[in-house]
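In: Sharing a sequence plus its predicted fold:
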Amino acid sequence: MKSKKLDIKTLELVAEENSQLMITMSIADLKEAFRQWQNEFEESRRQQQPIVEEAYLNVGETAKFLGVSEVSIYRWSKCGYIKSYPRGNRLYFKRTELIRFINEK
C-alpha cells in the first residue's frame, strides 16, 4: 500500500465521500491537524461574534454622566481636557473614554 500525505482539505473531502475511513499518521501530523482545526474553529467563532458599536453621548448626557454642568463639558472639550467628536454643530463623547477619564482622576 502506497503512503500518501494528505492535507486537511483533502482529508475532509475523502471523509465526506466515504462512510468508513482508516488513516495512519504520525503524532506530529495529528497534533498539527488538531491545531489547524482549532484555529479554524476559533476563527469561525470570532466571525460569529456581534460587533459592538461604541456608545457616544451628547453634551447633556455627558454632563449628567460626569456630574458637571454642560458649560464645563464645553470648556473641557475646548481646552482638550476631554476628547470630543464633532458631528455637524454638535459634540459627542465616547463612553469608554469618559470612563477612562473618571478612573484616571
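Out: Structure received. Numbers count the residues shown, from 1 in each chain.

In: And the helices in this structure, which stretches?
Out: Here the chain has its helices, by DSSP state H, at 8-17, 27-48, 59-66, 70-79, 95-104.

In: any chance of those helices in CSV, plus mean neighbour count, mean pLDDT and distance to Pro86?
Out: In short, each C-beta sits where N, CA and C put it, glycine included. Below are those laid out as CSV (neighbours: other C-beta atoms under 10 Å; pLDDT from 0 to 100; distance: least, C-beta to C-beta, whole Å):
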stretch, mean neighbour count, mean pLDDT, distance to Pro86
helix 8-17, 11, 62, 50
helix 27-48, 10, 85, 33
helix 59-66, 16, 96, 11
helix 70-79, 15, 96, 9
helix 95-104, 12, 91, 15
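
In: Give the pairing partners of the longest strand seen in the chain; include direction for each.
Out: Counting by DSSP state E, the longest strand found in the chain is strand 90-94. Strand partners for strand 90-94, identified by DSSP bridges, are recorded as strand 56-58 (antiparallel), strand 85-87 (antiparallel).

In: Next, Glu54: phi, psi?
Out: The phi and psi values for Glu54, taken as degrees, to the nearest 10, are phi -70, psi 140.

In: Just the angle for the longest strand of the chain relative to helix 95-104, thanks.
Out: Relative orientation of strand 90-94 and helix 95-104, computed by axes from the mean of the first three to the mean of the last three C-alpha atoms, to 10 degrees: 70 degrees.

In: same question for strand 90-94, mean pLDDT?
Out: Averaging pLDDT along strand 90-94 gives 95.

In: The strands paired with strand 90-94: which one's closest to Thr96?
Out: When these are compared by C-beta to C-beta, strand 56-58 sits nearest Thr96, at 10.1 Å.

In: Kindly provide the whole-number mean pLDDT of that closest one.
Out: 95.
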